[in-house]
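Enquirer: Turn this into a structure:
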Amino acid sequence: MAGMLQGSKRHTFGHAKRRPPMADINVTPMVDVMLVLLVIFMVTAPLLTVGVQVDLPKTKAKAIAGSDEPLAVSIDKDGNVYVQDTQMELDAVVPRLQAISNNNPEVRIFVRGDANVDYGSVMQVMGVLNAAGFSKVALITTQQHGSATPKPTAQKKKK
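Expert: Numbering: from 1, shown residues only. So this is what the prediction gives:
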């Protein structure tokens, strides 16, 4: 031991120097995964809100501005009635809307009638909504001016 200096490190042959475990979290892979998920949700979210396929009639009406999310009642080309995306009988529409809106007659309701459905079917749905006390009912159309992609607009129902 005469050749060893005090404080020198002791060498072990054949064994690698052991490091203490790393306590830091590497967040780079987690951020990468979150960004990929964000992009996926941004792309798929508009596709999920399409709901019932309805060919809306065209009009020159201006869009209605509003901050709250309206409820949608749709009538497809076969005359089937949908609340949001759920098909139901006309008699079940009002109880469903009252349950969704917590019996709030001031909730906005957009009626989306297919351009090929008869006028009577749309008016029958609007009559049921009016009789139930819903006062903010609007008909949804697409704008007619020469844009390549039609923008949804709404017309207020006159009392």
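
Enquirer: Please, where are all the strands along the protein?
Expert: For the chain, the strands defined by DSSP state E cover 58-59, 71-75, 81-83, 86-88, 109-113, 137-143, 152-156.

Enquirer: quick one: least confident helix or strand in this protein?
Expert: Within the chain, no helix or strand scores below strand 152-156, which has a mean of 53 by mean pLDDT, DSSP states H and E.

Enquirer: and the strands of the chain as a markdown table, adding distance to Tyr119 and mean neighbour count?
Expert: (Glycine included, C-beta is placed from N, CA and C.) Output for those, formatted as a markdown table (distance: least, CB to CB, whole Å; neighbours: other CB atoms under 10 Å):
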| stretch | distance to Tyr119 | mean neighbour count |
| --- | --- | --- |
| strand 58-59 | 14 | 14 |
| strand 71-75 | 11 | 23 |
| strand 81-83 | 15 | 20 |
| strand 86-88 | 21 | 12 |
| strand 109-113 | 8 | 22 |
| strand 137-143 | 11 | 20 |
| strand 152-156 | 14 | 16 |
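
Enquirer: Ok, which of those comes nearest Ser101?
Expert: Comparison of the strands of the chain against Ser101 by CB to CB identifies strand 71-75 as nearest, at 6.8 Å.

Enquirer: and the angle from that closest one to strand 109-113?
Expert: Between strand 71-75 and strand 109-113, the angle comes out at 20 degrees (axes from the mean of the first three to the mean of the last three CA atoms, to 10 degrees).

Enquirer: For the longest helix belonging to the chain, output the C-alpha coordinates as CSV.
Expert: Looking across the chain with DSSP state H, the single longest helix is helix 28-48. Taking Å, rounded to 0.1, in the frame of the first residue of the first chain, the C-alpha atoms of helix 28-48 are listed here in CSV:
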residue,chain,number,x,y,z
THR,A,28,-39.7,15.5,-24.7
PRO,A,29,-41.5,12.2,-25.7
MET,A,30,-44.5,13.2,-23.7
VAL,A,31,-44.7,16.6,-25.4
ASP,A,32,-44.4,14.9,-28.8
VAL,A,33,-47.3,12.6,-28.1
MET,A,34,-49.4,15.4,-26.8
LEU,A,35,-48.8,17.5,-30.0
VAL,A,36,-49.7,14.5,-32.2
LEU,A,37,-52.9,14.0,-30.2
LEU,A,38,-53.7,17.7,-30.4
VAL,A,39,-53.4,17.6,-34.2
ILE,A,40,-55.6,14.5,-34.4
PHE,A,41,-58.3,16.0,-32.3
MET,A,42,-58.2,19.3,-34.2
VAL,A,43,-58.7,17.4,-37.5
THR,A,44,-61.4,15.0,-36.3
ALA,A,45,-63.5,17.5,-34.2
PRO,A,46,-65.1,19.2,-37.1
LEU,A,47,-66.0,15.9,-38.6
LEU,A,48,-67.8,14.7,-35.5
